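Engineer: need a 3D model of the following:
(2 chains)
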Amino acid sequence: DIQMTQSPASLSASLGETVTIECRASEDIYSNLAWYQQKPGNSPQLLIYDANSLADGVPSRFSGSGSGTQYSLKINSLQSEDVASYFCQQYNNYPYTFGAGTKLELK
Amino acid sequence: EVQLVETGGGLVQPGNSLKLSCATSGFTFSTAWMNWIRQTPGKRLEWLAQIEDKSNNYFISYLESVKGRFTISRDDSKSSVYLQMNNLKEEDTAIYYCSSTTVVTGVMDAWGQGASVTVSS
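Structural biologist: A predicted model of the protein is given here:
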């Protein structure tokens, strides 16, 4: 199975700041990577797919990048509503696998 | 509006069975691939199963560790997907989500609110 290693596990940032979350795959996943946001008490919601394509309705302050085994999610100008956990997921191979998540809090 | 609503969760003793249902609306269910994913008490997400659409002969994929115990199925006439779980173990305790894949294979583009399953004696 492909292992997805996410970092950091938790992150504290101020409003307006830019934050970056990293995700590393144990093998090349050819940009078959999605990012999900899970707000407290809610189910995960799709943010980005194919490593850098924004899902419908997702604010443009979110962006994804990367290739091969290294990927990142960037949030520009952090807003209070961005407080959530973020998960990466590879869909290059079965079984689909997720990173352990990054919990983002406001400083 | 896309909606997925899971039902059927609850408290069950080890070794027993439970069947989860997921009713959907707001998208073309018959051409969607459907998934079940669970979130453990430690918040880890684990993909469990996927069922493709009729054009792909309803092909099914499972996480190896649940193959033989869990069965995914769908009823296109009811826009619903199901997860039959047998011989449940304490480590199956989790929130179970159904999700749809309508745009890119493998991408969970919509999720339900989740059904809580607790396996305990």
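
Engineer: which residue is it, in chain B, that comes closest to chain A?
Structural biologist: Proximity of chain B to chain A (C-beta to the nearest C-beta) peaks at B:Gly106, 2.4 Å away. In short, each C-beta sits where N, CA and C put it, glycine included.

Engineer: point me to the residue of chain A nearest chain B.
Structural biologist: Closest point on chain A to chain B, by C-beta to the nearest C-beta, is A:Tyr91, at 2.4 Å.

Engineer: need the contact list for the closest residue to that residue other than its chain neighbours.
Structural biologist: In space, and not counting its chain neighbours, A:Tyr91 is closest to B:Gly106: 2.4 Å by C-beta to C-beta, 6 or more residues apart in numbering or on different chains. Contact analysis of B:Gly106 by C-beta atoms under 8 Å, 6 or more residues apart in numbering or on different chains lists A:Asn32, A:Ala34, A:Tyr91, A:Asn92, A:Tyr96.

Engineer: may I have the beta-bridge partners of B:Ala23?
Structural biologist: B:Ala23 forms beta bridges with B:Val5, B:Ser80, as assigned by DSSP bridges.

Engineer: hang on, isn't it packed against B:Arg74?
Structural biologist: No: using C-beta atoms under 8 Å, B:Ala23 is not in contact with B:Arg74, being 11.4 Å away.

Engineer: surely the residue nearest to A:Tyr91 forms part of a helix?
Structural biologist: No: counting by DSSP: H, G, I helix; E, B strand; the rest coil, B:Gly106 falls outside a helix, being coil.

Engineer: hey, what's A:Thr102 bridged with?
Structural biologist: A:Tyr86.

Engineer: would you mind listing what in chain A touches chain B?
Structural biologist: A:32, A:34, A:36, A:42-46, A:49-50, A:55, A:85, A:87, A:89, A:91-92, A:94-98, A:100-101 (C-beta under 8 Å from any C-beta of the partner chain).

Engineer: who touches stretch B:77-91?
Structural biologist: For stretch B:77-91, with C-beta under 8 Å, 6+ apart as the criterion, the contacting residues are B:12-25, B:29-30, B:34, B:36, B:48-49, B:51, B:69-75, B:92, B:96, B:98, B:117, B:119-120.

Engineer: next one, pLDDT for the residue nearest the centre of chain B please.
Structural biologist: Geometric centre of chain B, nearest residue: B:Trp36, 2.7 Å, by C-alpha atoms, centre = their mean. As predicted, B:Trp36 sits at a pLDDT of 98.

Engineer: sec struct for it, please.
Structural biologist: Under three-state DSSP, the three-state class of B:Trp36 is strand.

Engineer: since that was my last question, I'll sign off now.
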